[in-house]
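Visitor: here's my sequence, what's the structure:
(one chain, ligands or ions: 1)
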Amino acid sequence: MEQARSTSSPPLVSRTTGIEAPAFAAAFDALPAPRTTWSAPDDALVLGSGAAATLTASGPDRFAEIRSAATALFDSGDVHAGTEAARPRLFGGFAFHEGGCDGDPWGPFPEARFVLPRVQVTFADNGVWLTVNATGTDADVADVEARLAREVDRIDAADRAADPETPRPPRPGITESRRTTSRAAWRDSVEAAVGRIRGGDLQKVVLAQALEADLAADFPHAATLDRLAEKYPDCHRYYFEPDADGSAFFGATPERLVALRGRTVETDALAGTTGRGETPAEDEWLARELLDDDKNVHEHELVADTVREQLEPFAASISAGERRVRRLATVQHLHTPITAELNAERHVLELVEALHPTPAVGGLPPDRALETIRETEPFDRGWYAAPVGWIDAAGNGAFAVAIRSAVATPRRATLFAGVGLVADSDPDREWDEIQLKYRPILDELEAEN
Ligand SMILES: C=C(O[C@H]1C=CC=C(C(=O)O)[C@@H]1O)C(=O)O
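Guide: Next up, the predicted model:
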């Protein structure tokens, strides 16, 4: 499909062709930074490289600023995509708090950053597609087509050079790690938060910790993403390099913030946690206990009710599925799927702005919870627990909540994990839950025995 090119906006040219399926790691390593990857259970795996356009924003209007910059960019598209999944998309994310990217390791991350990749490999159900995008003075159709042919050769050569018999780089190993929060400080913070909840000042607050790990070898980007894909196929997996200087924010989250297609909205309430058992019977027992546990059900229902309320002004109808247990490799959660039909056309970023932060990562009432988080946590959340995802020309998109995540530099990773606190939360149990929530990333960093 071709769209008329508007003379007032920067032109966008996008060309796509089908290619032989390369190994993900071969394509990843062949493409220059900054790279992006995105994958969702019901979506293609996308690998992006470079930036044909970068949109950044900060402050309270960052959602609206990205929306209008995206609309201007897509307004001028000359697009031959071949398949839906390879149509131009902007990939990126936001900071959790306004002004929340100040401290280490967030220096290279703006408060909002979205990228239209210069080169994109889309691993879709109907094949693998290579796309080249260009904007502004680079947006010359003949140049883009010539680049597309060169990129096909590059990926093909990289894939042929990769020996499928060569084992993946091993997990790097950790030489030393440091917590942002001691056990004593944690106990004090949880007791103070629980005191405020019991006093009626707050209903719920999610407090997080960070864990800094020095790596024994360079962080193996592609191998880590491959391993996370195998272990968390039902999660949203994301990876963002903010520049070409070697840091990346990545993770595998079970929590979808919102997906919008036309007027159909899908979202999740996910809160309330228990561990995995040693046996299927123990797993079942833990799941039953979670479903019957008043504290966890209350913590979960606050999220489900709030998500429904936040969607109400936009929705012609909302329906929530049954509360059930979502079982992941390392933990089990209470989960309620929620769908809605919108009462008017909306851009996905309007919904992202309305829903973020859900009480699964912020709290209630939102302002008081956010203030408590800022006052209590001795580190910047940056993009942790914030919306990450993609948007397209139609205003459709999919966003996940960036939990089970870390920032990696070649020799260091900083992991983040949080817990929802309600009136009867116990500091020691919540401490243990944080350790469980580090596992998805920590398991990929610790050396194999
Ligand atoms: C804030 C996190 O998890 C949230 C999502 C699911 C369950 C949660 C809980 O049970 O506390 C949290 O609300 C995190 O993993 O860092």
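Visitor: how many residues are close by the residue in the stretch 51-200 of the chain positioned nearest to the ligand?
Guide: Among residues of the stretch 51-200 of the chain, the one nearest the ligand by CB to the nearest ligand atom turns out to be Phe96. It sits 10.6 Å away. Quick note: C-beta positions are derived from backbone N, CA and C, even for glycine. Using other CB atoms under 10 Å, Phe96 has 26 neighbouring residues.
Visitor: next one: the one 3 residues further on
Guide: Counted by other CB under 10 Å, the residues lying close to Gly99 total 12.
Visitor: and it, its phi and psi?
Guide: With angles defined as degrees, to the nearest 10, Gly99 shows backbone torsions of phi 70, psi 20.
Visitor: what's the burial count for the closest residue to it other than its chain neighbours?
Guide: Of all residues not flanking Gly99 in the chain, Glu111 sits nearest, at 7.1 Å (CB to CB, 6 or more residues apart in numbering). Taking other CB under 10 Å as the neighbour definition, Glu111 ends up with a count of 24.
Visitor: verify the contact between Glu111 and Gly93 for me.
Guide: No - taking CB atoms under 8 Å as the contact criterion, Glu111 and Gly93 are not neighbours in contact, 9.8 Å apart.
Visitor: quick one: contacts for Ala139?
Guide: Applying CB atoms under 8 Å, 6 or more residues apart in numbering to Ala139 gives the contacts Pro10, Pro11, Leu12, Val13, Asp78.
Visitor: contacts only, for the third one.
Guide: In this structure, Leu12 makes contact with 52-53, 73-74, 76-79, 88, 116, 133-135, 139, judged by CB under 8 Å, 6+ apart.
Visitor: Ala53 pairs with what?
Guide: When assigned by DSSP bridges, Ala53 has beta-bridge partners Leu116.
Visitor: nope, Val13 is what I was after
Guide: According to DSSP bridges, Asp78, Ala134 are recorded as the beta-bridge partners of Val13.
Visitor: could you pull up the residues touching it?
Guide: Listed by CB under 8 Å, 6+ apart, the contact partners of Val13 are Gly77, Asp78, Val79, Asn133, Ala134, Thr135, Ala139, Asp140, Val141, Val144.
Visitor: ok, back up a step: assumed the residue of the stretch 51-200 of the chain closest to the ligand was part of a strand.
Guide: No - in this structure, Phe96 is coil, not part of a strand, as judged by DSSP: H, G, I helix; E, B strand; the rest coil.
Visitor: go ahead and confirm it touches Val388.
Guide: No - in this structure, Phe96 is not within contact of Val388 by CB under 8 Å, at 10.8 Å.
Visitor: show me what from the stretch 201-350 of the chain comes close to the ligand.
Guide: By CB under 6 Å from any ligand atom, the part of the stretch 201-350 of the chain that sits against the ligand consists of Val206, Ala208, Glu255, Leu270, Ala271, Gly272, Thr273, His333.
Visitor: possible to save those residues as JSON lines with pLDDT?
Guide: JSON lines is the format used below for those (pLDDT from 0 to 100):
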{"residue": "Val206", "pLDDT": "98"}
{"residue": "Ala208", "pLDDT": "98"}
{"residue": "Glu255", "pLDDT": "97"}
{"residue": "Leu270", "pLDDT": "96"}
{"residue": "Ala271", "pLDDT": "94"}
{"residue": "Gly272", "pLDDT": "95"}
{"residue": "Thr273", "pLDDT": "96"}
{"residue": "His333", "pLDDT": "97"}
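Visitor: just among those, which is most surrounded?
Guide: The most crowded member of those is Ala271, carrying 28 neighbours; neighbours defined as other CB under 10 Å.
Visitor: isn't it up against Arg326?
Guide: No - with the criterion set as CB under 8 Å, Ala271 and Arg326 do not qualify as a contacting pair; they are 10.8 Å apart.
Visitor: the closest residue to Ala57 other than its chain neighbours is in what secondary structure piece?
Guide: Residue nearest to Ala57 in three dimensions, not counting chain neighbours: Glu65, with 3.7 Å by CB to CB, 6+ apart. Following DSSP states H and E, one finds Glu65 within helix 62-74.
Visitor: list the buried residues for that helix?
Guide: Counting neighbours by 16 or more other CB atoms under 10 Å, one finds that the buried residues in helix 62-74 are Arg62, Phe63, Glu65, Ile66, Arg67, Ala69, Ala70, Leu73, Phe74.
Visitor: tell me the contacts of the residue nearest to Gly99?
Guide: Going by CB under 8 Å, 6+ apart, the list of residues near Glu111 reads Thr56, Ala57, Ser58, Gly59, Arg62, Phe94, Ala95, Glu98, Gly99, Gly100, Cys101.
Visitor: next up, the contacts around the last one.
Guide: Contacts for Cys101 (CB under 8 Å, 6+ apart) come out as Ala95, Gly107, Phe109, Pro110, Glu111, Asp380, Gly382, Trp383.
Visitor: please list all residues in contact with Leu260.
Guide: Going by CB under 8 Å, 6+ apart, Leu260 touches Leu342, Arg346, Val348, Leu351, Gly395, Asn396, Gly397, Ala398.
Visitor: could you dump the buried residues of helix 62-74 to CSV with pLDDT and distance to Arg429?
Guide: Listed next are the buried residues of helix 62-74 as CSV, based on pLDDT from 0 to 100; distance: CB to CB, whole Å:
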residue, pLDDT, distance to Arg429
Arg62, 95, 36
Phe63, 97, 35
Glu65, 97, 41
Ile66, 98, 39
Arg67, 97, 41
Ala69, 95, 44
Ala70, 95, 43
Leu73, 92, 47
Phe74, 90, 47
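Visitor: now for these, which pair is the farthest apart?
Guide: Pairwise distances across the buried residues of helix 62-74 peak at 18.4 Å for Arg62 and Phe74 (criterion: CB to CB).
Visitor: before we move on, back to that, which residues are in contact with each of Ala271 and Arg326?
Guide: His333, Leu334.
Visitor: rewinding a little: by neighbour count, which of the contacts of Glu111 wins?
Guide: Scoring the contacts of Glu111 on neighbours with other CB under 10 Å, the highest-scoring entry is Phe94 at 30 neighbours.
Visitor: the closest residue to the ligand within the stretch 101-250 of the chain and Leu215, how far apart?
Guide: Among the residues of the stretch 101-250 of the chain, Val206 lies nearest to the ligand; the distance is 5.2 Å by CB to the nearest ligand atom. Val206 sits 28 Å away from Leu215, taking CB to CB, to the nearest Å as the criterion.
Visitor: can you turn the buried part of the contacts of Cys101 into a PyMOL selection?
Guide: Burial among the contacts of Cys101 is assessed by 16+ other CB under 10 Å; the matching PyMOL selection reads:
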select buried, resi 95+109+110+111+380+382+383
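Visitor: what's the closest of the contacts of Cys101 to Phe24?
Guide: When those are compared for distance to Phe24, the smallest value, 22.9 Å, is given by Trp383; criterion: CB to CB.
Visitor: so who does that closest one touch?
Guide: Applying CB under 8 Å, 6+ apart, one finds that Trp383 lies in contact with Gly93, Phe94, Ala95, Phe96, Cys101, Trp106, Phe109, Phe240, Phe249, Ala402, Ser405.
Visitor: please consider this matter closed, and thank you.
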